[in-house]
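Student: Sharing a model that was predicted from the sequence below.
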Amino acid sequence: MPSQRTIERFGEKLHSLRVRHDMTLQGLANELGLTSHSYISELEAGKKIPTAEFVLNVARLFGVTTDELLKDELELTISE
C-alpha cells in the first residue's frame with residue numbers, strides 16, 4: 001500500500017503537469033475521457049489513490065514515465 005506522502009506527491013506532480021500545460025481540471029478530465037473533474041481534484045489534494053490505468057493515461061498524455069509520477073524520490077523533468 002502506498003504511503004500518504006507518496007499519494008500527496010503524486011497529486012503535487014499531477015497538479016504541476018496540468019498547470020505547466022495550461023490545462024484546467026475539466027480540460028484534463030476531458031483529455032482523459034472523464035466526465036467530471038472531481039476525481040482529479042481529489043487526486044491533486046491527496047485524498048484519493050490513483051488507479052494504474054489513470055497513472056498510465058497521465059504518463060502517456062504528458063510524456064513522462066510512471067516512475068516519475070509515482071516514485072517520491074524522482075522529480076519530473078518537463079520537456080518544454
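Tutor: Thanks, I have the structure now.

Student: neighbouring contacts of stretch 26-43?
Tutor: Defining contact as Cβ atoms under 8 Å, 6 or more residues apart in numbering, one finds that stretch 26-43 is touched by 10-11, 14, 18, 23-25, 48, 50, 54, 57-58, 61. Bear in mind the C-beta positions are built from the backbone N, C-alpha and C, glycine included.

Student: Pull out the buried positions in it.
Tutor: Residues of stretch 26-43 classed as buried: 28, 29, 32, 34, 37, 39, 40, 41, 43 (neighbour count, 16 or more other Cβ atoms under 10 Å).

Student: ditto for stretch 43-60
Tutor: Buried residues in stretch 43-60 (16+ other Cβ under 10 Å): 43, 44, 46, 48, 50, 54, 55, 57, 58, 59.

Student: what residues does stretch 51-63 touch?
Tutor: 10, 14, 17, 21, 31-33, 43, 50, 64-66, 68-70, 79.

Student: out of the buried residues of stretch 43-60, who's nearest residue 5?
Tutor: residue 46 (8.9 Å; Cβ to Cβ).

Student: show me what contacts the closest one?
Tutor: 4, 7, 8, 10, 11.

Student: Let's see which of the contacts of stretch 26-43 end up in helices.
Tutor: Of the contacts of stretch 26-43, the ones assigned to helices by DSSP state H are 10, 11, 14, 18, 25, 54, 57, 58, 61.

Student: Kindly present these as JSON lines, with separate columns for pLDDT.
Tutor: Below are the ones in helices among the contacts of stretch 26-43 laid out as JSON lines (pLDDT from 0 to 100):
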{"residue": "10", "pLDDT": "92"}
{"residue": "11", "pLDDT": "94"}
{"residue": "14", "pLDDT": "96"}
{"residue": "18", "pLDDT": "96"}
{"residue": "25", "pLDDT": "97"}
{"residue": "54", "pLDDT": "97"}
{"residue": "57", "pLDDT": "97"}
{"residue": "58", "pLDDT": "97"}
{"residue": "61", "pLDDT": "97"}
